[in-house]
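1. The sequence and its predicted three-dimensional model are supplied below.
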Amino acid sequence: MNDFAGMEDLLSDFLLEAGEMLSEVDSKLMDLEEFPEDSKLLNEIFRGFHTIKGGAGFLNASELVALCHIIENLFDKLRNRELVLGAELMDVIFAATAEVRRMFGALQQGLQPGAAPGEVIDALKAVLTGQQLSPLAGMTGLKTGLRTEEQAVPGKTTASQSSVPGTASAQPSEVDWGRLYKALTGTDFIAQVRAKHDPKVMAAAISGEDTTGTAFGLRDTGVHGSATGRPEGDVSAKEAMDSIIPVETDRLDKVLNLSGEISLAKNRLTRLCSAIIQGRNDADTMHELDQAVSQMDMLVVNLQNAVMKTRKQPIGRLFKKYLPLARDLARSLGKDVDLVLAGGDTEMDTTMIEAINEPLAHIVRNAVDHGVETVEGRIAAGKPEKSIVELSARQKGDHILISITDDGRGMRPEVIRNKAIEKGLITREMANTLDETRCLELVFLPGFAAGDGTPGVPGRGSGMDAVKTGIQKLNGVVNIRSEPGKGTVITILLPLTLATLPVLMLRLGEQSFAVPLSMVREILSVTPEKLQQVSGRATMVVRGELLPVLPLAQLIGWEQSGTHEVGVLIQFGDNSFILLADSFAGHDDVVIKPLDTFRPRGVAGVTISGGGDIVLILDIKELLSDVRAHY
């Protein structure tokens with residue numbers, strides 16, 4: 001069923017433009033809470049809801065129009081100084097804005113949104129008529145977010161939604177955070193990832209192995225269809241919206257100009273080829289051909305870069321979505337938390353931004369939920385009452401570094417280690433070999449789930465296995481640092497794009513392999529006299545560091561030729577080893593083609609070389625896990 005049949009284009013345009021407008025409104029509401037008398041903010045928020053209302057009117061989304069109209073009237077009174085903006089009124093505004101987001105979710109599914117809950121409408125009308133606000137109004141946004149599955153179905157409203165009273169005595173421990181997260185973001189991230197993750201496979205989480213055994217990319221989470229039970233194919237509006245990327249016109253102009261230059265270069269090459277076929281092969285003609293090929297090569301590279309740039313968006317658009325999430329969670333827990341955003345102008349490929357949305361939202365939620373203390377706890381610890389959670393991004397070479405930092409209670413490595421032993425995730429012998437950094441990484445183990453009140457382990461294990469799995473599928477790395485009493489820093493290192501990958505080309509017999517260039521420290525000449533046997537295993541000393549040496553043929557199960565001449569020093573995170581191959585054939589930027597039906601172990605995907613040969617792209621995470629199995 002699609003309530004907008006024949007209006008798909010109009011709906012897609014509305015969701016794109018009004019969706020950006022709603023994100024801006026969310027950001028401005030956070031600023032308004034700090035500067036409640038800022039006339040510019042009040043006017044901009046008023047215009048935002050007015051614009052959304054107008055677009056919804058074209059779609060005949062009457063419930064969205066009605067809600068935005070009431071909010072618009074409220075902000076009209078605020079900007080005319082007929083109302084005073086206080087904490088309780090801000091709670092009502094945030095609750096109403098959350099309902100607007102819920103209605104957007106229904107529109108994305110191609111459904112007319114249902115009415116806002118009665119308590120939200122009643123609270124808004126009470127404000128407009130000058131009535132006393134109930135203390136319970138501040139909890140409205142959370143109550144509506146925690147409705148039952150039947151009540152939460154987009155487009156469906158029951159009487160209980162407007163008649164069930166809230167309870168002011170609800171304790172933070174009674175809140176179902178999984179359902180709250182789903183209500184605020186529209187997805188059940190942990191369930192999606194865990195659906196394909198075996199909780200018993202834990203050693204791989206330490207080694208960095210992709211335990212799902214799939215190639216890079218979050219292609220299939222095992223969850224299909226919508227919350228309404230409609231068929232998966234009946235979501236054309238959402239799919240159409242997801243396929244639209246806002247692009248600056250100057251970037252499109254550059255692509256168009258380069259296309260014209262390539263057409264001219266192609267004509268030049270065609271003319272030269274015709275001349276050579278007719279027998280003109282003198283030095284001047286060959287020199288001109290060489291120049292034409294070089295020109296075409298440069299233009300193609302420039303066009304590729306220009307097209308890639310059209311796919312890039314500032315990550316700040318994603319970061320701003322977490323402001324209301326952090327605010328709602330903090331208020332429900334009685335915490336005073338300021339989510340600080342930095343590096344929002346850092347650009348990433350749109351598909352990468354979409355893919356990291358759920359992992360980042362989960363980390364931010366964990367930081368607010370478990371990382372920082374309550375106001376009372378901070379006062380007792382001699383800290384400022386306001387907690388700071390900082391979400392930042394910056395470019396680091398051909399990668400993006402995202403950091404989530406909090407000034408909370410931190411984590412104690414020894415407590416985490418004991419918790420993992422108690423749960424049977426690692427043996428005591430294995431635990432004794434782990435340093436503090438490795439102990440912190442235990443929270444990424446499937447099944448760790450430390451959110452059970454264990455002292456020194458402030459809930460960080462809850463869902464962190466799903467976060468790490470999601471990041472690794474994007475060919476990224478996630479690390480954690482923490483100092484007890486001072487706070488925690490989680491860093492995520494991601495490639496700028498998954499569309500192309502700089503690689504080093506290796507050869508094993510007649511077959512070509514590719515290794516991500518970002519993981520290559522150096523290329524070594526390997527001779528038998530340089531190898532040392534340690535406990536029956538081949539090793540090699542490189543500048544005082546003893547490293548394991550493994551032939552590529554051995555790792556992928558091929559017959560070894562014994563003619564290895566090249567060693568590639570691979571580094572993934574803090575781990576290094578030397579990979580032996582017959583020879584190397586330079587480096588290149590390749591497009592990864594996933595192997596969806598059959599994927600040999602250690603192979604992430606394939607690409608085509610300039611000579612038309614099939615090149616296997618190595619999965620370093622799996623190879624590294626095999627190294628650990630041997631050493």
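-> Nice, thanks for sending it over. Being a predicted model, the structure only gives us computed values, none of them experimental.
2. Residue 530: what's it in contact with?
-> Contacts for residue 530 were tallied using C-beta atoms under 8 Å, 6 or more residues apart in numbering; they are residue 540. (Each C-beta comes from the backbone N, C-alpha and C, glycine too.)
3. ok, residue 290 to residue 537 distance?
-> According to C-beta to C-beta, to the nearest Å, residue 290 and residue 537 sit 50 Å apart.
4. Revised request: answer the last question for residue 98.
-> In terms of C-beta to C-beta, residue 98 sits 58 Å off from residue 537.
5. The two: which is more packed in?
-> Comparing residue 98 with residue 537 by neighbour count (other C-beta atoms under 10 Å), the higher total belongs to residue 98, at 22 against 12.
6. Which helix or strand contains the residue nearest to residue 319 when sequence neighbours are not counted?
-> Nearest residue to residue 319, sequence neighbours excluded (C-beta to C-beta, 6 or more residues apart in numbering): residue 341, at 4.7 Å. For residue 341, the host element (DSSP states H and E) is strand 337-342.
7. so which helix or strand takes in residue 304?
-> helix 283-310.
8. who does that helix touch, helix- and strand-wise?
-> Contacts defined by 3 or more C-beta pairs under 8 Å, 6 or more residues apart in numbering; DSSP states H and E place helix 283-310 against helix 249-277.
9. Now do the helix it packs on: distance to the chain's middle.
-> Relative to the mean C-alpha coordinate of its chain, helix 249-277 is positioned 37 Å out (C-alpha atoms, centre = their mean, to the nearest Å).
10. What number of residues are in the vicinity of the nearest residue to residue 500 once chain neighbours are set aside?
-> The shortest distance from residue 500 to any non-neighbouring residue, by C-beta to C-beta, 6+ apart, is to residue 589 (5.0 Å). When neighbours are defined as other C-beta under 10 Å, residue 589 has 13 of them.
11. Surely residue 589 is in a strand?
-> Yes - according to DSSP: H, G, I helix; E, B strand; the rest coil, the state of residue 589 is that of a strand.
12. does it really touch residue 496, like I thought?
-> No - assessed by C-beta atoms under 8 Å, residue 589 is found out of contact with residue 496, at 11.9 Å.
13. Could you check the angle the helix holding residue 304 makes with helix 249-277?
-> With axes from the mean of the first three to the mean of the last three C-alpha atoms, to 10 degrees as the basis, helix 283-310 and helix 249-277 are set at 160 degrees to each other.
14. Can you report how many residues lie near residue 58?
-> Summarising burial for residue 58: neighbours were counted as other C-beta under 10 Å, giving 13.
15. how far away is it from residue 608?
-> Residue 58 sits at a distance of 47 Å from residue 608 (criterion: C-beta to C-beta).
16. got it, and residue 546?
-> Relative to residue 608, residue 546 is positioned 38 Å away (criterion: C-beta to C-beta).
17. Now do the contacts for the residue nearest to residue 319.
-> For residue 341, the contact set (C-beta under 8 Å, 6+ apart) comprises 316, 319-320, 323, 390-392.
18. do that again at 10 Å, thanks
-> With contact taken as C-beta atoms under 10 Å, 6 or more residues apart in numbering, residue 341 is in contact with 27, 30, 315-316, 319-320, 322-323, 389-393.
19. got it, and residue 349?
-> Applying C-beta under 10 Å, 6+ apart to residue 349 gives the contacts 245, 308-309, 311-313, 355, 400, 494-500.
20. Then residue 252?
-> Contact partners of residue 252, counting by C-beta under 10 Å, 6+ apart, are 306, 310.
21. Okay, the residue nearest the centre of the chain and residue 369: tell me how far apart.
-> With distances taken as C-alpha atoms, centre = their mean, the chain has residue 356 as the residue nearest its mean C-alpha position (0.5 Å). The span separating residue 356 from residue 369 equals 19 Å under the rule C-beta to C-beta.
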